[in-house]
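> Next comes the sequence, and after it the predicted model I'd like to discuss.
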Amino acid sequence: MNSITKTTVTSAAALAMLCAAPVANAQEQRARLGHVFATGSPVDQSSEAFAQCVSDATGGELSLTVFPDSQLGGDEALGRDLARGGLEFAFLNPGSLTGLDPLLDIHYLPYIVSSFEEADQIFYNPDGVLQTTLREAMANHGMRAVGFFELEFRAITNSERAVTSVEDVDGLRLRVPGSISIRSFFEDAGAQAVTLPFPELFVALQQGTVAGQDNGASITFNSRLFEAQKYMTLSNHVYAMGAITVGQRFWDDLSDERKAVIEDCATSSAADQIVANRAQSAAYLQGIREGGVEVHELAPEEMAKFVDIGRNVWSRLEGTYGAERIAALRAEVDGLND
């Protein structure tokens, strides 16, 4: 049983204990939680479960209202609002916050892992390079990461041609998040990488401002991006995770009891979200196919070419992420095979 499964098995019991003994605190607080993900998606469901857990465990004294679908802005806007105290909670994609700090997309380095089992060991290790770097970078900008949830393995979709080789990427105008890692990967593969905020993506695809994008099955399906695309390739070039985040100003005013509640609820809701997201991934792919999109997998020899391009990005970005961090991450990844 891996660490994610173990955490999930215990999350229901932990939640029951929290709800059975509400935290005593005289101060009633109301807070907002924002995210960019579609209503009803696994991330949205997790955010609602997190809000309910906090409310139940505090006897309703700390109440969170969830605003999905970019209602409060994109990830960077949410991050800035958290930092300045204009927002209390967010389920963030740190890789979209590189305007604040380039270290926030270190987990977007291409081809860190190739399976969920490897992701559980590298991405969900609280003492590993990725979580440590993200927590420290977010803290430097007024945000506190209290948990990490799954986004997905990213894919390539577009409306021009099937991508079955590196050569097929050449010249494609692809929307990418504000990530130097992903931008570098696609530029090295020959694509025209265009940075756009996520809330603008669907319209950009519809209008042909960009030909494609690189979200995976969950986001492509739940945000209906597939409706403006014809082809999808399961390149798995990046495994992405998000962060359950609290504004540091809000955090500093909380009692120790409420901080503990938030951390426990973040752990349980994130673990449940990871399981739910993986359980539904096949259904998302099927929905995309039924929507008229051709879905392709890369032949092993072509995947190897993509991996080579991606791993070369690691060396090229040592100046951005730090040579010591890159070396430590390589050691963690190499340790998977020991």
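Received it, and whenever you're ready, just let me know what you need. Numbers count the residues shown, from 1 in each chain.
> do you know how far residue 116 is from residue 241?
12 Å (C-beta to C-beta, to the nearest Å). All C-beta atoms are positioned from the backbone trio N, CA, C, and that covers glycine.
> So for these two, which sits in the more crowded spot?
Between residue 116 and residue 241, counting by other C-beta atoms under 10 Å, residue 241 is the more crowded of the two (22 against 19).
> which residues touch the more buried one?
Neighbour list for residue 241: 107, 119, 123, 124, 148, 149, 150, 151 [criterion: C-beta atoms under 8 Å, 6 or more residues apart in numbering].
> Please indicate which of the residues you listed are buried?
107, 119, 123, 124, 148, 149, 150, 151 (16 or more other C-beta atoms under 10 Å).
> so can I have TSV of the residues you listed showing secondary structure?
Converted to TSV, the buried ones among the contacts of residue 241 look like this (DSSP: H, G, I helix; E, B strand; the rest coil):
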residue	secondary structure
107	helix
119	helix
123	coil
124	coil
148	strand
149	strand
150	strand
151	strand
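> and of the residues you listed, the nearest to residue 279?
Among the buried ones among the contacts of residue 241, residue 150 lies closest to residue 279 (C-beta to C-beta), at 11.3 Å.
> And the pLDDT for the closest one?
Turning to residue 150, the model gives it a pLDDT of 96.
> So the residue lying closest to it once chain neighbours are set aside: helix, strand or coil?
Among residues not flanking residue 150 along the chain, residue 274 sits closest, at 4.4 Å (C-beta to C-beta, 6 or more residues apart in numbering). Of the three states, residue 274 takes helix under three-state DSSP.
> How about residue 308?
Relying on three-state DSSP, one would call residue 308 helix.
> Measure how buried it is and give me the count.
12.
> what does the one 10 residues further on give?
Taking other C-beta under 10 Å as the neighbour definition, residue 318 ends up with a count of 13.
> give the contact list for it.
The contact partners of residue 318, taken as C-beta under 8 Å, 6+ apart, are residue 326.
> Let's see that with 10 Å instead.
Residues in contact with residue 318, defined by C-beta atoms under 10 Å, 6 or more residues apart in numbering, are 324, 325, 326, 327.
> cool, residue 37 as well?
Contacts of residue 37 (C-beta under 10 Å, 6+ apart): 43-47, 68-70, 91, 93, 151, 198, 218-219, 222-223, 242.
> Among these, which ones are in helices?
43, 44, 45, 46, 47, 218, 219, 222 (DSSP state H).
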